[in-house]
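K.L.:
Sequence plus the predicted model coming up.
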Amino acid sequence: MACSQLQQMELLVIACCYAFGHFTEAVIKPASRSPLYVGALVPLATNDRFFVPHAAEVCQLAVDHINNHSTLLSGYHLILAVNDSQCDIGLASYQMHRLLGENESRKVALIAEGCSVVTQPLAAASQYWNIPHFNFLSTSPALLNRNVYRNYYRLRPSENNYNPARAAIMNYLNWKKAVVIIETEDIFNLNSENLANVFKLFDLDEPLILLLSGNDNQSTVIQRIKDSGRRILFGLFYEAAGRQIVCQAFKNGVSAPQFVWMFVGWYRSSDWYIYAANNENLPCNADEMRSAVNGHFVFDQAEISRDLDQMLATGLVARDVINEYRQRVGIPDEIPILDTFQRHIAYGYDAVVAIALMLDHAAHTLDTRAENQLANFSYGDENIWGVFKDFIESSSFWGLSGHVSFPQLLSVKDSVIESNGILEIYYNRGNESTLIAEYNNPTRNLTWFNDQIRWTTADGQQPVDFPPVLLKYSPNGIFVAISVLAALGIIFSLVMLLFSMGLREHEVFKASMRLNNLIILGALCVYIAVILLGFNGQFFAFNNLSIGCCYASTVLLSCGFTLAFGSIFAKSISIVADKRFMIKMSDRALFTIIAVLLLVDVVLLILWHTLDPWKRGRKQLTTSGQVVYERELCTSEAFWGYSLMVYNFFLMVLSAILVFFRGRRDGDKTAGTSTAMNEFNHVAIAVYNTFVLCIAAFAFTFIPDPGIQYALVTLTAIAATTVVVCLMFLPKIYWVLKKERNNHEAANNVNGVQED
């Protein structure tokens, strides 16, 4: 009997050893262990946005491994409480408060949630319980802000982690231009801002960012894509919005093989674009949706470590953990081992391990402090929270997802890029998905697996990111015609100057000869500037001379306007002062006014050309889908040009006010005065004429066709200048000639009388 009992005891020991034989160290922990509770909120049920099948199973698998470890958390028993949050803010908030409100099972850590839009308010609230909040699913860049989420620790990198890989693949394929289509959610808005910064670091063109705001602006977004000529399309949106825009794109000809789409890899299935095509009332069938995105790229975080023989922190080999997980959830053997951990389940395993390592460290640290033992944990205990925090932020270990550490952030200029993780890049053609490259974020290294991609284009060649660009010039005839008119204006002005000098002894010229000469000088500057404007790449090939012409034309046009119109302004002030206040203004006073106006011009021009000099640039004119027409031109910030326009506009308005009120006041007095001598009327007409024509010239600058724009703007400038010169000189010349003729006739009459 005793022997039989001894045999039974031996069998019991053997059975116990066998039960734990698949663990690395089958040592039974003490029977009496203090429970430690961990709360978990994950979206387990299917919903419209995101769900994580088997998240509870993988977390429980990690708990079982920890509880059966020989030394990890010795004396404690980890208990996991999992609730389904369904990616719903209201439900998740209720579940979190219920979990953390159970006094008999206080949670030492929290794992929550799956959707970023839910995680953010939970993470902002959980810090008030002084417990670490771990997350293995949410990817919003907003959660990187440690000042807002001080107790939040993520295992899965944020959406920003994709951006270097996106830029690297653009560089590798010699693509420079891309469009980023984003759904108006924080997760995508912040990611697109970061992507623009990363593109700049990789010397790529600034991406064209287009916002999706429901179904209302989809046609506008597609039209802007077509107008831009760009062919590489990054989609940052949830599945439902993605299907809507892909269908709209297909209906408008924005589809493969001309256009190449790039998507994130965390959608619920690889064919997400046709997943719900039958119940979302889309006007596209599955074949059309598949055709629209054929040949697209997918960027996904590597879900498990490539080294399956790596020993994990739980004392187990990664391959064994994966196989046990497959058995628990019933994954068939024919599915490759690297395809096992969908929905980033590996991060869930590592989250539980991180909590266990933190608690193990705290248990050893707090054992010497009777008042702060881990078993007596309370939410308001700052000392225990400090131990937790210090360990987490300095710890690192090997997990199923690879090397795990917190927070491991790199600041690269304006971009924050998390340093852990490998990005996988897939190329999807038809029903085939091929892993073509991996991007290692810590080393910034792109590893290419397939030198030859089977492109979907008709000739098998790589698609272009932008159609071929052809430089387009306006017809030379326009430039020749304008130049001839400007040259005639120059000759006309010089003739008027000769008349002014030759007739300077006459009263009408002598009174304002110096101001009139300034008007001629200003007119010459404007005529020359009009000719130089044609050398800025509009009619001829752009070269270094073009930049010089841009500087010269800007200075001449601005100073010419100030000299000519400033002289008219000074004349109007002189006339008003004389007629209204009986003050005779000297030439020095009038020249001082013009000098001040010219000084403002010079200061603005110096600031403009010093702070923002002219640069060689290009402007897109039209695109036919196959060819983009551009022209080279001088470029600069519009602020300076508009500053000069506002200044000159103010000058014209002030002049118009002066002549208007003076004209109304003295209209009856001047009615009988000789038109030739009524200089005030000529000044008034010159002011009104210049004001109207300058407004018209400004409006003409918005004409898209550069040839027509140049013709109308320069014709307006020539017309305004010529009218001013005519008004200031022709009446005086006419008056002098008429007076000379009258004097001659009078002299003849006197001679005739004497002879009689």
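P.N.:
Done, it's in.
K.L.:
report the longest helix in this protein, please.
P.N.:
Ranked by residue count and defined by DSSP state H, the top helix of the chain is helix 706-755.
K.L.:
What helices and strands are in contact with that one?
P.N.:
If you count contacts as 3 or more Cβ pairs under 8 Å, 6 or more residues apart in numbering; DSSP states H and E, helix 706-755 packs onto helix 476-502, helix 507-510, helix 513-532, helix 544-581, helix 679-700. C-beta: built from backbone N, CA, C; applies to glycine.
K.L.:
quick one: residue 168 and residue 686, what's the gap?
P.N.:
With distances taken as Cβ to Cβ, to the nearest Å, residue 168 is found 63 Å from residue 686.
K.L.:
typed the wrong thing, it's residue 452
P.N.:
On the measure of Cβ to Cβ, residue 452 and residue 686 end up 72 Å apart.
K.L.:
circling back to that earlier point, and residue 168 and residue 686? Which one has more around it.
P.N.:
residue 686 (26 against 20; other Cβ atoms under 10 Å).
K.L.:
how about the more buried one, what does it touch?
P.N.:
Residue 686 sits next to 568, 723, 724, 727, 728 when contact means Cβ atoms under 8 Å, 6 or more residues apart in numbering.
K.L.:
is it true that the last one touches residue 516?
P.N.:
Think residue 728. Yes: taking Cβ atoms under 8 Å as the definition, residue 728 is a contact partner of residue 516 at 5.8 Å.
K.L.:
how far is the longest helix of the chain from where the chain is centred?
P.N.:
58 Å (Cα atoms, centre = their mean, to the nearest Å).
K.L.:
what do you get for stretch 236-253?
P.N.:
Offset of stretch 236-253 from its chain centre (Cα atoms, centre = their mean): 21 Å.
K.L.:
Dump that stretch to PDB, restricted to CA.
P.N.:
Written as PDB, here are the backbone C-alpha positions of stretch 236-253 (Å, rounded to 0.1, in the frame of the first residue of the first chain):
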ATOM      1  CA  LEU A 236      -4.000  58.500 -46.200                       C
ATOM      2  CA  PHE A 237      -7.500  57.600 -45.300                       C
ATOM      3  CA  TYR A 238      -9.700  54.900 -43.700                       C
ATOM      4  CA  GLU A 239     -11.100  52.200 -46.000                       C
ATOM      5  CA  ALA A 240     -14.600  53.600 -46.600                       C
ATOM      6  CA  ALA A 241     -13.200  57.000 -47.700                       C
ATOM      7  CA  GLY A 242     -10.500  55.200 -49.700                       C
ATOM      8  CA  ARG A 243     -13.100  53.200 -51.700                       C
ATOM      9  CA  GLN A 244     -15.100  56.400 -52.500                       C
ATOM     10  CA  ILE A 245     -12.100  58.300 -53.900                       C
ATOM     11  CA  VAL A 246     -10.700  55.300 -55.800                       C
ATOM     12  CA  CYS A 247     -14.000  54.800 -57.500                       C
ATOM     13  CA  GLN A 248     -14.300  58.500 -58.300                       C
ATOM     14  CA  ALA A 249     -10.700  58.500 -59.600                       C
ATOM     15  CA  PHE A 250     -11.500  55.500 -61.900                       C
ATOM     16  CA  LYS A 251     -14.600  57.300 -63.300                       C
ATOM     17  CA  ASN A 252     -12.500  60.300 -64.200                       C
ATOM     18  CA  GLY A 253      -9.600  58.500 -65.700                       C
END
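K.L.:
Buried by neighbour count: which residues of it qualify?
P.N.:
236-239, 241-251 (16 or more other Cβ atoms under 10 Å).
K.L.:
Next: stretch 487-500.
P.N.:
So for stretch 487-500, counting by 16+ other Cβ under 10 Å, buried means 489, 490, 492, 493, 496, 497, 499, 500.
K.L.:
average pLDDT across that stretch?
P.N.:
Average pLDDT, stretch 487-500: 89.
K.L.:
now what about that stretch, what contacts it?
P.N.:
With Cβ under 8 Å, 6+ apart as the criterion, stretch 487-500 contacts 509, 513, 516-517, 520, 523-524, 527-528, 531, 718, 721-722, 725, 729, 733.
K.L.:
which stretches of the stretch 51-200 of the chain form helices?
P.N.:
For the stretch 51-200 of the chain, applying DSSP state H, counting those that start in this stretch gives helices covering 55-67, 89-100, 116-126, 163-172, 186-201.
K.L.:
To residue 480, which of these lies closest?
P.N.:
For the helices of the stretch 51-200 of the chain, the distance to residue 480 is smallest for helix 186-201, at 42.7 Å, taking Cβ to Cβ.
K.L.:
After the closest one, which helix or strand is next? Please name it.
P.N.:
Downstream of helix 186-201, the first helix or strand assigned by DSSP states H and E is strand 208-212.
K.L.:
Next, the closest residue to residue 396 other than its chain neighbours: phi, psi?
P.N.:
Excluding the flanking residues, the one nearest residue 396 by Cβ to Cβ, 6 or more residues apart in numbering is residue 405, at 3.9 Å. For residue 405, the backbone dihedrals are phi -150, psi 160 (criterion: degrees, to the nearest 10).
K.L.:
doesn't residue 395 make contact with residue 405?
P.N.:
Yes: Residue 405 lies in contact with residue 395 (Cβ under 8 Å); the separation is 7.0 Å.
K.L.:
can you give me the helices in the stretch 351-500 of the chain?
P.N.:
For the stretch 351-500 of the chain, applying DSSP H, counting those that start in this stretch gives helices covering 382-394, 476-502.
K.L.:
Which among the ones you listed is found nearest to residue 231?
P.N.:
In terms of Cβ to Cβ, the element of the helices of the stretch 351-500 of the chain nearest to residue 231 is helix 476-502, at 33.4 Å.
K.L.:
got the angle between that closest one and helix 513-532?
P.N.:
Interaxial angle, helix 476-502 versus helix 513-532 (axes from the mean of the first three to the mean of the last three Cα atoms, to 10 degrees): 170 degrees.
K.L.:
Tell me the one among the buried residues of stretch 487-500 nearest to residue 707.
P.N.:
Of the buried residues of stretch 487-500, the one sitting nearest to residue 707 (Cβ to Cβ) turns out to be residue 489, at 20.5 Å.
K.L.:
And for that closest one, nearest residue in space, chain neighbours not counted?
P.N.:
Leaving aside its sequence neighbours, residue 489 sits nearest to residue 527 (Cβ to Cβ, 6+ apart; 4.4 Å).
K.L.:
and what of residue 524?
P.N.:
Of all residues not flanking residue 524 in the chain, residue 493 sits nearest, at 5.5 Å (Cβ to Cβ, 6+ apart).
K.L.:
do the same with residue 282
P.N.:
residue 247 (4.9 Å).
K.L.:
Show the model's pLDDT score for that neighbour.
P.N.:
According to the prediction, residue 247 has pLDDT 92.
K.L.:
again, but for residue 297
P.N.:
Note for residue 297: predicted pLDDT of 95.
K.L.:
Where does pLDDT dip in the stretch 101-250 of the chain?
P.N.:
Residues of the stretch 101-250 of the chain meeting the criterion pLDDT under 70: 214-216.
K.L.:
residues in contact with residue 361?
P.N.:
Residues near residue 361 by Cβ under 8 Å, 6+ apart: 387, 391, 395.
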